[in-house]
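Chemist: Sequence and predicted structure, then a few things I'm wondering about:
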Amino acid sequence: MRLHPISSDALDGFAYDERRRVLTIAYESGGVYEYFDVEPELVAELRREQPHPWRVVGERVKRHRYRRIR
């Protein structure tokens, strides 16, 4: 999976699988997580809110079921 770089203090990049509605986030700390059943509108907001997208949408993303993959 190819991550899209993002201008953020907290995030390195993200990818979104629209068909599965899975958002993958790579954090600056090195962790990579998958968040499940994420709405496309939330991902669009993540893209728009640079340079601090996590401040705007982070709490809403973290409400979704997730798993750490790295």
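Modeler: In hand now; what should we look at?
Chemist: Spatially central, which residue of the protein would that be?
Modeler: Centroid-nearest residue in the chain, with CA atoms, centre = their mean: Ile25, separated by 4.0 Å.
Chemist: give me phi/psi at that one?
Modeler: Backbone geometry at Ile25, expressed as degrees, to the nearest 10, gives phi -120, psi 130.
Chemist: so what's it bridging to?
Modeler: Ile25 forms beta bridges with Phe14, Tyr33, as assigned by DSSP bridges.
Chemist: any idea how far Arg55 lies from Tyr66?
Modeler: 19 Å (CB to CB, to the nearest Å). To be clear about C-beta, it is placed using only N, CA and C from the backbone, and glycine gets the same treatment.
Chemist: Of these two, which one has the most company?
Modeler: Between Arg55 and Tyr66, counting by other CB atoms under 10 Å, Tyr66 is the more crowded of the two (16 against 12).
Chemist: Can you tell me how far the closest residue to that one other than its chain neighbours is from Arg19?
Modeler: Setting aside the residues directly before and after it, Tyr66 is nearest to Tyr35 in space (CB to CB, 6 or more residues apart in numbering), at 4.7 Å. Relative to Arg19, Tyr35 is positioned 15 Å away (CB to CB).
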